[in-house]
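*Asks:* Need coordinates for the below:
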Amino acid sequence: MKILMTGGTGLIGEAFIRQFPEHQFTVLTRSISSQSAKLGVFNNNAAMPVKVDFIDTLESLKNLNGFDAVINLAGEPIIDKRWSPKQKHIICQSRWSLTQQLVDLFTNSQTPPAVFLSGSAIGVYGDCGDQPVTEDSAVEGTDFARQLCRNWEQIALGAAPYTRVVLLRTGIVLAAHGGALGKMLLPFKCCLGGPIGGGKQFMSWIHYQDHINAMQFALLESSISGAVNLVAPEAQTNSAFTQTLAKALNRLAVFPLPKKILQLLLGESACLLLDSQNIVPQKLMQSGFEFKFHRLKLALENLLKSPSV
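*Replies:* As a prediction, this is how the structure comes out:
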């Protein structure tokens with residue numbers, strides 16, 4: 001496939017390019033020189049001859065004729081900074097504006113790509129308590145994370161008259177380097193890890209390998225459209241997650257992080273760590289997708305087996 005990708009130099013985008021060299025990629029990036037040095041090495045790897053081209057603006061495209069698929073993963077990191085009004089605006093516009101540009105390009109295409117994978121997150125569901133949540137569950141509420149994802153999805157669905165739209169409702173992505181796990185490792189290695197808040201909130205996680213395999217599955221499986229929960233089949237409470245990670249590292253996890261302290265440190269964005277989300281990947285399972293890492297213990301053992309971790 002010839003794929004136009006935004007967010008191709010992030011954790012998931014780069015992993016996808018590495019995993020599926022049979023595709024030809026055009027990657028949108030703000031810095032062609034630095035990112036071509038990072039991803040362009042694939043072009044010269046005889047063992048993995050990946051074709052990667054770069055553009056620094058969508059304005060260089062008049063339409064999407066010639067592309068088979070579009071993968072839209074770009075967006076300002078949501079938890080790296082406090083949610084000031086300015087930062088909220090940056091987070092929203094980095095997703096909404098770019099997605100609208102892509103929808104406009106679909107509209108202008110005589111032969112549009114057959115599929116549009118567009119990013120979203122399980123934050124669209126908000127705090128769900130212990131209740132299992134599927135793609136059919138209601139999406140309500142007015143908090144920032146829900147509004148962000150809901151509007152993002154609605155913009156992407158503007159391409160539905162022209163292509164098959166798949167909304168990637170991504171959970172907590174686990175990878176050996178980067179992502180949520182990368183931020184957790186240091187305190188846990190120093191025996192400073194522990195449950196967050198009461199520890200009873202559910203965490204819906206996914207191994208990055210399953211995430212990119214699910215994306216490939218969604219690209220090829222024409223029956224899949226609309227919202228898709230990209231999470232492992234077995235969500236864990238924060239307390240159980242903490243203990244499993246500590247055991248995998250052969251460390252203790254005895255330093256809880258109280259809710260009020262976390263809210264003081266992070267402000268409104270603390271909800272991303274305190275909300276309970278027991279999300280079920282119903283659509284993937286019903287479509288026949290096979291998870292390689294359906295249990296947290298297996299996922300962590302795989303990710304932490306490298307001596308450098």
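*Asks:* so where is this protein shaky, pLDDT-wise?
*Replies:* 33-50, 306-309 (pLDDT under 70).
*Asks:* same thing but at 90, please
*Replies:* Counting by pLDDT under 90, the chain has low-confidence residues at 9, 29-52, 79-80, 138-142, 176-180, 182-187, 190-192, 252-255, 265, 305-309.
*Asks:* Tell me which stretches of it form strands.
*Replies:* 2-6, 24-28, 51-55, 69-72, 115-121, 132-133, 164-170, 172-174, 202-203, 205-207, 226-230, 236-237, 278-279 (DSSP state E).
*Asks:* among these, which is nearest Cys92?
*Replies:* Comparing the strands of the chain by their distance to Cys92 (Cβ to Cβ), the top pick is strand 115-121, with 13.1 Å. C-beta coordinates here come from the backbone N, C-alpha and C atoms, glycine included.
*Asks:* got the strands of the chain as CSV, with distance to Pro85 and mean neighbour count columns?
*Replies:* Formatted as CSV, the strands of the chain follow (distance: least, Cβ to Cβ, whole Å; neighbours: other Cβ atoms under 10 Å):
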stretch, distance to Pro85, mean neighbour count
strand 2-6, 25, 23
strand 24-28, 27, 21
strand 51-55, 31, 16
strand 69-72, 25, 26
strand 115-121, 21, 25
strand 132-133, 29, 18
strand 164-170, 25, 24
strand 172-174, 26, 23
strand 202-203, 28, 24
strand 205-207, 31, 24
strand 226-230, 29, 23
strand 236-237, 33, 20
strand 278-279, 29, 24
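*Asks:* what would these look like in TSV with distance to Val139?
*Replies:* Compiled in TSV, the strands of the chain are given as follows (distance: least, Cβ to Cβ, whole Å):
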stretch	distance to Val139
strand 2-6	23
strand 24-28	28
strand 51-55	33
strand 69-72	19
strand 115-121	10
strand 132-133	10
strand 164-170	10
strand 172-174	19
strand 202-203	17
strand 205-207	20
strand 226-230	8
strand 236-237	23
strand 278-279	12
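*Asks:* out of those, nearest to Glu301?
*Replies:* strand 205-207 (10.7 Å).
*Asks:* what about the helices in the stretch 151-300 of the chain?
*Replies:* Along the stretch 151-300 of the chain, counting by DSSP state H, counting those that start in this stretch, helices occupy 179-189, 208-220, 238-248, 259-266, 271-274, 282-286, 296-303.
*Asks:* Of those helices, flag the one that's most buried.
*Replies:* Of all the helices of the stretch 151-300 of the chain, helix 208-220 carries the top mean neighbour count, a mean of 21, counting by mean count of other Cβ atoms under 10 Å.
*Asks:* Could you list every helix and strand that that one packs against?
*Replies:* Helix 208-220 sits against helix 11-19, strand 69-72, strand 115-121, strand 164-170, strand 172-174, strand 226-230, with contacts defined as 3 or more Cβ pairs under 8 Å, 6 or more residues apart in numbering; DSSP states H and E.
*Asks:* For those, give me TSV that also has distance to Gln87.
*Replies:* Below are these laid out as TSV (distance: least, Cβ to Cβ, whole Å):
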stretch	distance to Gln87
helix 11-19	20
strand 69-72	21
strand 115-121	17
strand 164-170	20
strand 172-174	21
strand 226-230	25
